[in-house]
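Undergrad: pasting the sequence and the predicted coordinates here, then a few questions.
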Amino acid sequence: MPRRRGCRQRGVPDVGRRPYDQTVTDTADSARPPGPADEASPGSPRAKRAFTNVLINTLIANVTTSFLWFALTFWVYIETQSVLATGIIGGAYMLFVAFFAMLFGTIVDRHRKHRVMLISSVISAIAFLIAGLLYAWQPESALLDLGGPWFWLFSGVILFGGVIEQLRNIALSTTVTLLIEEDKRANANGLVGTVQGLAFLVTSVFSGLSIGFLGMGWTLVIAIVAMALTFVHLLFVRIPESAPVPDENATSALDFRGSVQAIRLAPGLFALIIFSTFNNLIGGVYMALMDPYGLTLFDAQTWGFALAFASTGFIIGGGLVAKFGLGRLPMRTMLLVVIAMGLLGAVFMLREWWPLYVVGMWLYMMLVPPVEAAEQTVIQKVVPFTRQGRVFGVAAAMEAAAAPVTAFLIAPIAEFLIIPYMDSSAGQRQWGWLLGEGEARGIALICLFAGLIMVVAAIAAFFTRSYRQLAELYAAAPEQAPDGGTDGADDPGVESSDADAEAAADADASRPADHRSFDAPAPVRGQPPEIPDRRR
């Protein structure tokens with residue numbers, strides 16, 4: 001943009017329009033020694049070390065909560081043989097996440113990320129400890145009685161301890177913005193996907209082994225000890241972050257209005273969240289039907305190992321994103337990957353052949369981390385850091401609610417309509433040429449159409465105004481500049497305003513003589529900015 005005439009005079013530095021602290025330097029500006037903010041800026045060794053520690057801590061916490069949640073599901077089904085009970089546990093978990101996610105996002109924005117993670121560890125550990133006391137106090141018969149109160153209390157306490165982990169996950173997404181430089185955030189989000197995939201792999205295998213060999217009691221003990229270890233480890237982790245500035249417009253505990261405002265300020269962002277929610281709706285079809293289809297091909301033990309192998313796709317997909325990133329336009333990468341997911345979902349059940357299903361499922365799971373990393377990368381770029389927690393909370397709430405809704409709807413439709421139709425002679429004549437023969441051709445038909453719908457939706461998204469607006473906004477958005485701050489020497493999560501002030505004063509005193517800071521007055525249109533003489 002051309003500069004207005006009269007806005008610069010010979011020999012007068014161009015102060016610009018900054019109304020706060022303005023720095024005037026000569027060419028020797030690079031000689032200024034780094035201050036505390038530079039040492040803790042995104043991408044610095046200190047910030048990277050903090051991110052690595054947070055990622056390891058989150059891995060342990062995610063494995064622990066998922067381990068106990070899976071174990072609870074296995075234990076209830078083995079002891080009761082009730083599909084209703086396991087379905088209620090799974091659906092209740094997702095609904096809990098949808099209900100609390102927006103509240104969690106507000107908490108993340110209002111508190112330092114380290115403190116939020118400590119709160120998450122403490123609450124989860126207390127919840128698991130209460131569950132352990134209930135298990136020791138009540139007989140197993142009472143805890144497994146679906147008609148009694150102890151089953152619902154015992155299951156609800158464990159699920160609540162697991163849902164609190166979402167508070168940490170939302171904080172982790174904002175910590176990527178805080179600690180990682182902009183051009184590496186997609187790679188960092190890939191590492192987050194790898195951690196989540198590793199947690200899924202570990203829990204899907206070891207939860208069943210723990211219930212089978214140790215029982216529910218010792219499984220609870222393992223979860224309590226592991227969650228306590230995450231708390232102790234966090235005490236030694238220091239996340240460089242300034243105290244969040246209170247939002248005067250956000251007075252309620254659930255700042256839904258502030259979340260909506262942040263989303264509306266980024267044209268096309270709401271469409272991205274809606275698309276991700278729709279993608280999760282389609283994903284709910286596979287969530288509901290993947291296990292029944294797998295159990296028609298394998299016995300329960302073999303299916304567990306097949307699922308564990310397929311879940312390595314999460315790790316590989318996240319690792320590829322961590323290595324190569326998402327390209328210049330993460331939105332475009334996301335839509336292309338969703339098209340590939342739809343095609344895979346449509347074809348990996350066309351024949352009742354286990355290699356086709358297992359390899360297809362492995363490739364499908366490999367594509368999940370790039371989609372999630374793309375959404376996170378876009379939000380981290382276009383949403384101000386001070387409101388990212390609330391936006392991530394809204395996205396998590398909508399997307400978590402989508403999958404169980406579809407699962408609850410598609411299961412009865414499949415059982416009472418589609419599967420009986422495909423078992424009939426009319427269905428076999430109509431679709432036999434495409435789907436072949438087998439016991440689960442009805443499930444294959446549903447997944448075929450679900451995948452095609454996903455492909456059509458992703459292709460259509462390329463031609464929408466929202467896609468163009470968000471792509472332009474992402475390309476033009478300025479780099480996020482969250483304050484690094486300094487951590488306290490005694491408590492890594494406590495503000496240290498006095499220490500920060502002294503460090504800033506020392507840094508200012510160490511500047512060269514030709515590097516002067518002053519408060520610049522507001523510029524007057526058409527006149528050169530006045531520079532106060534501080535040499536008197």
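TA: Cool, got the structure.
Undergrad: need the next SSE after the lengthiest helix in the chain, C-terminal direction.
TA: If you go by DSSP state H, the chain has its longest helix at helix 45-80. Per DSSP states H and E, helix 45-80 leads on to helix 83-110 as the next helix or strand towards the C-terminus.
Undergrad: can you give me the angle that next one makes with helix 45-80?
TA: Computed by axes from the mean of the first three to the mean of the last three CA atoms, to 10 degrees, the angle separating helix 83-110 from helix 45-80 equals 160 degrees.
Undergrad: tell me the helix or strand right after helix 83-110.
TA: Following helix 83-110 toward the C-terminus (DSSP H and E): helix 113-137.
Undergrad: so what touches the helix or strand containing residue 142?
TA: Using DSSP H and E, the element containing residue 142 is helix 140-143. The contact list for helix 140-143, computed with CB atoms under 8 Å, 6 or more residues apart in numbering, reads 79, 134-135, 148, 150-151, 154, 216. To be clear about C-beta, it is placed using only N, CA and C from the backbone, and glycine gets the same treatment.
Undergrad: now with 10 Å, please.
TA: 75-76, 79, 131, 134-135, 137, 148-155, 215-217 (CB atoms under 10 Å, 6 or more residues apart in numbering).
Undergrad: which residues of the stretch 151-300 of the chain score low on pLDDT?
TA: Low-confidence segments of the stretch 151-300 of the chain, defined by pLDDT under 70: 246-255, 300.
Undergrad: quick one on the thing from earlier: what subset of the contacts of helix 140-143 is buried?
TA: 75-76, 131, 134-135, 150-151, 154-155, 216 (16 or more other CB atoms under 10 Å).
Undergrad: can you show me the strands along the chain?
TA: In the chain, the strands defined using DSSP state E lie at 21-24, 516-519.
Undergrad: mind listing what's buried in the helix holding residue 142?
TA: In helix 140-143, counting by 16+ other CB under 10 Å, buried: residue 143.
Undergrad: with just CA atoms, put it into CSV.
TA: Taking Å, rounded to 0.1, in the frame of the first residue of the first chain, the C-alpha atoms of helix 140-143 are listed here in CSV:
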residue,chain,number,x,y,z
GLU,A,140,-19.0,-56.8,42.0
SER,A,141,-22.6,-58.0,41.8
ALA,A,142,-23.9,-54.6,43.0
LEU,A,143,-21.6,-52.7,40.6
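Undergrad: so residue 175 touches residue 52, yeah?
TA: No. The criterion here is CB atoms under 10 Å, and residue 175 misses it with residue 52 at 11.4 Å.
Undergrad: ok, the two, which is more surrounded?
TA: Between residue 175 and residue 52, residue 175 has the larger neighbour count (other CB atoms under 10 Å), namely 28 against 13.
Undergrad: how far away is the more buried one from residue 311?
TA: 25 Å (CB to CB, to the nearest Å).
Undergrad: what of residue 212?
TA: Residue 212 is 19 Å from residue 311, where distance means CB to CB.
Undergrad: out of the two, which sits in the more crowded spot?
TA: Neighbours per residue, other CB under 10 Å: of residue 212 and residue 311, the larger number sits with residue 311, 21 against 12.
Undergrad: contact partners for the nearest residue to that one once chain neighbours are set aside?
TA: Of all residues not flanking residue 311 in the chain, residue 201 sits nearest, at 4.5 Å (CB to CB, 6 or more residues apart in numbering). Each residue near residue 201 by CB under 10 Å, 6+ apart is listed here: 63, 307-315, 365.
Undergrad: report the buried members of the residues you listed.
TA: 63, 307-308, 310-315, 365.
Undergrad: would you turn those into TSV with distance to residue 428 and pLDDT?
TA: Converted to TSV, the buried ones among the contacts of residue 201 look like this (distance: CB to CB, whole Å; pLDDT from 0 to 100):
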residue	distance to residue 428	pLDDT
63	45	89
307	29	81
308	34	81
310	29	88
311	33	84
312	36	88
313	32	90
314	36	88
315	39	88
365	31	91
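Undergrad: wait, which of those residues is closest to residue 237?
TA: residue 63 (17.5 Å; CB to CB).
Undergrad: skipping adjacent residues, who's closest to that closest one in space?
TA: residue 199 is the one closest to residue 63 (CB to CB, 6+ apart), at 4.6 Å.
Undergrad: could you report the neighbour count for the one you found?
TA: Using other CB under 10 Å, residue 199 has 24 neighbouring residues.
Undergrad: correct me, but it touches residue 64?
TA: Yes. Counting by CB under 10 Å, residue 199 does reach residue 64; the two are 8.8 Å apart.
Undergrad: any shared contact partners between these two?
TA: residue 165.
Undergrad: output the lowest mean pLDDT helix or strand found in the chain.
TA: Across the helices and strands of the chain, mean confidence by mean pLDDT, DSSP states H and E is lowest for strand 21-24: a mean of 36.
Undergrad: pLDDT on stretch 424-440, on average?
TA: Mean pLDDT, stretch 424-440: 87.
Undergrad: report the distance from that stretch to the chain centre.
TA: In terms of CA atoms, centre = their mean, to the nearest Å, the centre of stretch 424-440 is set 40 Å apart from its chain centre.
Undergrad: pull the residues that contact it.
TA: With CB under 10 Å, 6+ apart, stretch 424-440 has contacts from 289, 292-297, 349-353, 357, 414, 418-423, 441-445, 447-448.
Undergrad: drop anything exposed from those.
TA: Neighbour counting with 16+ other CB under 10 Å marks 289, 293-294, 297, 349-352, 357, 414, 418-419, 421-422, 441-445, 447-448 as buried within those.
Undergrad: and the residue nearest to residue 468 when sequence neighbours are not counted, its phi and psi?
TA: Closest residue to residue 468 apart from its sequence neighbours, by CB to CB, 6+ apart: residue 268 at 7.7 Å. Main-chain dihedrals, residue 268, degrees, to the nearest 10: phi 90, psi -10.
Undergrad: next, find the distance separating residue 268 from residue 372.
TA: From residue 268 to residue 372 the distance is 18 Å (CB to CB).
Undergrad: try residue 159
TA: Counting by CB to CB - residue 159 and residue 372 are separated by 23 Å.
Undergrad: ok, residue 358 next?
TA: If you go by CB to CB, the gap between residue 358 and residue 372 works out to 22 Å.
Undergrad: now do residue 188
TA: Distance, residue 188 to residue 372, using CB to CB: 13 Å.
Undergrad: return the subset of the buried ones among the contacts of residue 201 lying in helices.
TA: Those of those lying in helices (DSSP H): 63, 307-308, 310-315, 365.
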